[in-house]
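pasting a predicted model and its sequence here:
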Amino acid sequence: MSTALIGAAVLCCCSSSSVAGAFFGGFIPGTKKNESKKTRDTVDNIIKEIYSKGFSEEKCLEFSTNWKKLIDGRPLSEIFVGSGSSQRITDPEIAYLVSKHKRIIRSLLNAEERSEMTKRPFPDGVCISDLKNKIDEKVTLLKNQDIQGCDLYDDSSHLIRRDWSSALIWDSEKDKSVAAYRYAHDALGETDETIRTMTTFRETLCKN
């Protein structure tokens, strides 16, 4: 399954009217449609937990497993028909999820794709438990000129420590996912100018 194609597909807006009949028509217990609805509800609950608690390895893996159940080995051309603004999603359960959680589904699928490209187990280095709070703690220390916050960095060229840099954070204020390095950069009030002039906390407080 190419998550790149799925990632592109979730960028579209799906038509609620095209799937309304499937949502409200009811499912017969024990049928494949009923199982699909149960899997959709599971994914829905996983994403709601990510909204409230942030990305974690456990939740990312649960999402990946259940998303693949929804796809069920089908060609994506059977699910995502057409392209651009005219694209529609034929599977009512997937259409429902995309209509509610487009941003976060796109983030998770892109993260999985990156893991596949680097040949690392999904979601190694991408989904880290409670990372927002960990970064917030370091940011507070740095702003108070406390060098204990300097372990936000390492000796790599990344904006923040390598093992956190590409991880995902759910920013509830902005209602979207952001890369950890970008979240830390903004939380510290740093800009392209402070990086260019080497006046970041890393350069002024944490430089050895």
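Perfect, thanks for sending it.

show me the helices in the protein, by range?
3-9, 16-24, 32-53, 57-71, 76-79, 92-117, 131-143, 162-165, 180-187, 192-196, 201-204 (DSSP state H).

worst average pLDDT in those helices?
Ranked by mean pLDDT, these end with helix 16-24 in last place, scoring a mean of 37.

ok so, going back, what about the helices of the chain, which gets the closest to Gly149?
Distances from Gly149 to each of the helices of the chain were compared using CB to CB; the shortest belongs to helix 131-143, at 3.0 Å. The way it works is simple: take the backbone N, C-alpha and C, and place the C-beta from them, glycine included.

show me the domain layout of the chain.
Listed by automatic domain parsing, the domain ranges of the chain are 3-117, 131-204.

CSV for those domains, including distance to Gly125 and mean neighbour count?
Listed next are these as CSV, based on distance: least, CB to CB, whole Å; neighbours: other CB atoms under 10 Å:
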stretch, distance to Gly125, mean neighbour count
domain 3-117, 8, 16
domain 131-204, 6, 16
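
got the helices of the chain as JSON lines, with distance to Ser86 columns?
Converted to JSON lines, these look like this (distance: least, CB to CB, whole Å):
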{"stretch": "helix 3-9", "distance to Ser86": "13"}
{"stretch": "helix 16-24", "distance to Ser86": "12"}
{"stretch": "helix 32-53", "distance to Ser86": "24"}
{"stretch": "helix 57-71", "distance to Ser86": "22"}
{"stretch": "helix 76-79", "distance to Ser86": "15"}
{"stretch": "helix 92-117", "distance to Ser86": "15"}
{"stretch": "helix 131-143", "distance to Ser86": "37"}
{"stretch": "helix 162-165", "distance to Ser86": "38"}
{"stretch": "helix 180-187", "distance to Ser86": "33"}
{"stretch": "helix 192-196", "distance to Ser86": "38"}
{"stretch": "helix 201-204", "distance to Ser86": "47"}
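
which one of those helices lies closest to Ser156?
Nearest to Ser156 among the helices of the chain is helix 162-165; the distance by CB to CB comes to 4.4 Å.

show me what that closest one is packed up against.
Of the remaining helices and strands, those touching helix 162-165 by 3 or more CB pairs under 8 Å, 6 or more residues apart in numbering; DSSP states H and E are helix 131-143, helix 180-187.

I'd like the ones you listed as CSV, with distance to Asp171 appended.
Listed next are these as CSV, based on distance: least, CB to CB, whole Å:
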stretch, distance to Asp171
helix 131-143, 8
helix 180-187, 7
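
so for Pro75, which of the ones you listed sits nearest?
With respect to Pro75, and counting by CB to CB, the nearest of the helices and strands packed on helix 162-165 is helix 180-187 at 34.6 Å.
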